[in-house]
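*Asks:* Quick one: sequence plus predicted model below, questions after.
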Amino acid sequence: MKPKVYVTRRIPETGLRILGEYCEVVYRDEFAPPTRDELLDAIENVDAIYCTLSEVIDKEVINRAGRLRVIGTMSVGVDHIDVEHATRKGIYIVYTPGVLTETVADHAWALLLAAARRIAEADSYVRRGDWRIAWAPTMMLGYDVYGKTLGIIGLGRIGQAVARRAKGFDMKIFYYDIVRRRDLEEELGIEYAPLEKLLMDSDYVSIHVPLTPETRKLIGDRELKLMKRTAILVNTSRGPVIDQKALVKALKEGWIAGAGLDVFEKEPIDPDDPLLKLENVVLTPHIGSASHETRNKMAELTAVGIIKVLKGEKPENLLNPEAANIRPLSEVKVL
Ligand code: NAD
């Protein structure tokens, strides 16, 4: 009998094809994620779940899925999964580190440049028909990027890719991370700074930490007040890393000049969210990794990872090898 995998929502064709070669695929071919009840009903008798960051895979879900051997998430962030509980139950988790790094770094830069040069605001201005004077010395002034100072919070895969791009803009680069990366300091031409110094001295701050209890509201009132009044904050990590209420205040009252955000405390954002009324912020709907190429690679990596676990082999993208202490891969083998 083929192992059963539940795919929570519509994914790129390539992932489905790989899963289909080895598994019975229960495919929920919908754009939106399943409701909580739908999810709980669907996973009772499956060997694997292929999910995205929109599905909360907590204790209840994991306990309900009595046959579950592997969770594959089409994301590098795993804050939607109770990793500890899954590991305690010997359930393997595969995810998509690496394949989306460059694409998310591109997006962070797109937001940075758009916020600095007021691209979204200028586009609306032209479309609305407000552009009536051909050129004016004081029209739509933004801020230079070239030669300025960039502060990177979280120098992991994506943070490093953002730093590499900054070299082309001849920027001075600070980074803050819980792990000091002396090996990268010379290679990337970057300097370690405590968070406070980074916030005080940077013209642009880009966040690349995972969402954990320690990073929740890492940037709040106090931190925003430390930043330059001309600074721009970019967030492509996870919404709750910034205290959004404090950010709205900072943008309204001019503690900082602007922001570029791909992620929010609540997604999708509420239609009456005050951020939507502000001109000095560029907003995108959590599309950091959304390129054709990268979404295909993410789907492939997730599917291959699931299959490897089901074959009793170690996948390259295994998040929790400690699950083997409870159930060795050889005992998982169903293929
Ligand atoms: P990574 O694990 O390679 O890097 C994370 C870095 O953050 C590490 O260097 C780590 O030491 C550091 N860090 C962890 N906790 C910290 C803390 N408390 N203070 C300071 N630094 C801390 O991860 P990555 O692949 O670079 O991805 C980073 C995050 O980006 C993911 O966890 C995910 O949430 C987010 N992400 C968002 C999108 C999107 O669509 N917007 C796409 C991919 C990833």
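*Replies:* Structure received.

*Asks:* Surely L198 is in contact with F174?
*Replies:* Yes. Contact status for L198 versus F174: in contact at 4.7 Å, counting by CB atoms under 8 Å. C-betas here are computed from N, CA, C, even on glycine.

*Asks:* Could you measure from the residue in the stretch 151-300 of the chain positioned nearest to the ligand over to K225?
*Replies:* Each residue of the stretch 151-300 of the chain has a distance to the ligand, by CB to the nearest ligand atom, and the smallest belongs to G156, at 1.6 Å. Here the criterion is CB to CB, to the nearest Å. By it, G156 lies 27 Å from K225.

*Asks:* Just read off the phi/psi values of R180.
*Replies:* With angles defined as degrees, to the nearest 10, R180 sits at phi -80, psi 130.

*Asks:* Contacts for stretch 302-313 next, please.
*Replies:* Counting by CB atoms under 8 Å, 6 or more residues apart in numbering, stretch 302-313 makes contact with 3, 5, 14-16, 18-19, 21-23, 47-48, 50, 69-70, 72-74, 92, 94-96, 314-318, 329-335, all of which sit outside it.

*Asks:* How many neighbouring residues does G129 have?
*Replies:* Residue crowding around G129 was assessed by other CB atoms under 10 Å; the count is 7.

*Asks:* Model confidence at D221, what's the number?
*Replies:* At D221, the model reports a pLDDT of 98.

*Asks:* looking at the protein, which residue lies furthest from center?
*Replies:* Most distant residue from the mean C-alpha position of the chain: I133, 40.5 Å away (CA atoms, centre = their mean).

*Asks:* Look up how far R118 lies from that residue.
*Replies:* 17 Å.

*Asks:* got the contact list for the residue of the stretch 151-300 of the chain closest to the ligand?
*Replies:* The neighbours of G156, taking CB under 8 Å, 6+ apart as the test, are D177, H208, V209, P210.

*Asks:* For ChimeraX, write the selection for the buried entries among those residues.
*Replies:* Listed next is the ChimeraX selection for buried residues among these, using 16 or more other CB atoms under 10 Å:
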select :177,208,209
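
*Asks:* among the contacts of G156, which are in reach of the ligand?
*Replies:* Intersecting those with the surroundings of the ligand, defined as CB under 6 Å from any ligand atom, gives D177, H208, V209, P210.

*Asks:* what's near enough to touch the nearest residue to I57 once chain neighbours are set aside?
*Replies:* Distance criterion CB to CB, 6 or more residues apart in numbering; nearest residue to I57, sequence neighbours excluded, is I81 at 4.4 Å. When contacts are counted by CB under 8 Å, 6+ apart, I81 touches I57, D58, I71, T73, I93.

*Asks:* next one: phi and psi at the residue positioned nearest the centre of the chain?
*Replies:* For the chain, the residue sitting closest to the mean C-alpha position, by CA atoms, centre = their mean, is S237 at 4.4 Å. Main-chain dihedrals, S237, degrees, to the nearest 10: phi -90, psi -90.

*Asks:* Report the separation between the closest residue in space to it that isn't next to it in sequence and L112.
*Replies:* With sequence-adjacent residues excluded and distances taken as CB to CB, 6+ apart, S237 is closest to I207, at 4.7 Å. Distance of I207 to L112, computed by CB to CB: 11 Å.

*Asks:* what's the overlap in contacts for these two?
*Replies:* Both I207 and L112 are contacted by V234, under the criterion CB under 8 Å, 6+ apart.

*Asks:* ok, V209 touching I153?
*Replies:* Yes. V209 sits in contact with I153 when judged by CB under 8 Å, with a separation of 6.0 Å.

*Asks:* Give me the common contacts of those two.
*Replies:* Listed as contacting both V209 and I153 by CB under 8 Å, 6+ apart are D177, L218.

*Asks:* Start from the N-terminal end of the stretch 151-300 of the chain and give the helices.
*Replies:* According to DSSP state H, counting those that start in this stretch, the stretch 151-300 of the chain carries its helices in the segments 157-167, 182-188, 195-201, 221-226, 244-253, 292-310.

*Asks:* okay if I get these as a markdown table plus mean neighbour count?
*Replies:* Putting the helices of the stretch 151-300 of the chain into a markdown table (neighbours: other CB atoms under 10 Å) gives the following:
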| stretch | mean neighbour count |
| --- | --- |
| helix 157-167 | 21 |
| helix 182-188 | 12 |
| helix 195-201 | 18 |
| helix 221-226 | 17 |
| helix 244-253 | 18 |
| helix 292-310 | 22 |
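
*Asks:* Make TSV from the ones you listed and add distance to E214 to it.
*Replies:* Rendered in TSV, the data for those read as follows (distance: least, CB to CB, whole Å):
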stretch	distance to E214
helix 157-167	16
helix 182-188	21
helix 195-201	12
helix 221-226	14
helix 244-253	18
helix 292-310	26
